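Engineer: have a look at this prediction, sequence included:
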Amino acid sequence: WFALQSADLMARVDPKTGVVDEFEIPVEGIVYPRRMDTDSEGNVWVALWRAGKPMKIDQHTAEMTIFDAPTPYNGAYSVSIDQRNDLIWVTLHRVDKIARFNPKTNQWVEFPLPQAETDVRRIELEQNNPNLVWWSSSDGAGVARIGFIELLDHEM
């Protein structure tokens with residue numbers, strides 16, 4: 001699977017035949033699919049930046065499911081999956097937050113970043129410690145940052 005950001009499409013390639021299939025994203029308007037990851041079942045999760053929503057693509061059927069984050073117009077940009085607990089982590093680029101989504105309960109938790117305009121472009125969950133989420137950013141002036149969120153209460 002890969003994102004066709006400027007065309008607002010998702011695509012998948014069959015590595016045996018080289019055939020590429022394109023899929024329309026079921027959201028009105030411009031969505032800008034960005035970074036993605038796969039869950040423990042092999043399903044693809046994609047951040048839809050302009051739409052501010054994460055999307056799940058079923059690996060078997062290519063069915064796309066859209067989820068609404070609590071904060072609208074958030075600029076969902078990057079996804080990292082907690083494989084052990086099946087939790088979806090998403091950067092909310094426009095609102096300086098990182099969020100965790102539980103698709104089994106539809107519950108969200110949003111974590112504010114330490115300063116405005118952090119511009120987080122990538123997150124990576126540490127698989128051996130799913131309470132630790134690393135992030136990296138670069139602001140318009142070229143200042144790069146790296147940091148992490150550590151959950152001290154695993155029940156959050």
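Structural biologist: That came in fine, so what should we check first? Numbering: from 1, shown residues only.
Engineer: for the residue sitting furthest away from the middle of the chain, give me phi and psi.
Structural biologist: The outermost residue of the chain, judged against the average C-alpha position, is Thr17 (29.0 Å), by CA atoms, centre = their mean. Per-residue torsions, Thr17: phi -100, psi -20 (degrees, to the nearest 10).
Engineer: per-residue confidence at it?
Structural biologist: Looking at Thr17, its pLDDT is 96.
Engineer: please report how far it lies from Thr61.
Structural biologist: Note on Thr17: its distance to Thr61, by CB to CB, to the nearest Å, is 19 Å. The C-beta positions use only the backbone N, C-alpha and C, and glycine is treated the same way.
Engineer: next: Asn43.
Structural biologist: For Asn43, the distance to Thr61 (CB to CB) stands at 10 Å.
Engineer: neighbour count winner among the two?
Structural biologist: Just comparing Asn43 and Thr61: by other CB atoms under 10 Å the higher neighbour count belongs to Asn43, 19 against 8.
Engineer: my guess is Asp86 contacts Lys104, does it?
Structural biologist: Yes. Counting by CB atoms under 8 Å, Lys104 is a contact partner of Asp86 at 6.8 Å.
Engineer: looking at those two, which has the bigger crowd around it?
Structural biologist: Asp86 (13 against 9).
Engineer: in contact with that one, which residues?
Structural biologist: Asp39, Ser40, Asn102, Pro103, Lys104 (CB atoms under 8 Å, 6 or more residues apart in numbering).
Engineer: kindly report the same for Arg84.
Structural biologist: Counting by CB under 8 Å, 6+ apart, Arg84 has contacts Gln127, Pro130.
Engineer: run the last query once more with 7 Å
Structural biologist: By CB atoms under 7 Å, 6 or more residues apart in numbering, the residues touching Arg84 are Pro130.
Engineer: give me phi/psi at it?
Structural biologist: Per degrees, to the nearest 10, the backbone of Arg84 is at phi -70, psi -40.
Engineer: and the pLDDT for it?
Structural biologist: Confidence score, pLDDT, at Arg84: 88.
Engineer: and if you look at the one 4 residues further on?
Structural biologist: On pLDDT, Ile88 comes in at 96.
Engineer: any idea how far it is from Ala99?
Structural biologist: Ile88 is 9 Å from Ala99, by CB to CB.
Engineer: so which residue is smack in the middle of the protein?
Structural biologist: Val79 (2.5 Å).
Engineer: doesn't Arg35 make contact with it?
Structural biologist: Yes. The pair Val79 / Arg35 is scored as a contact, 6.0 Å apart, by CB atoms under 7 Å.
Engineer: before I go, just wanted to say thanks for your time.
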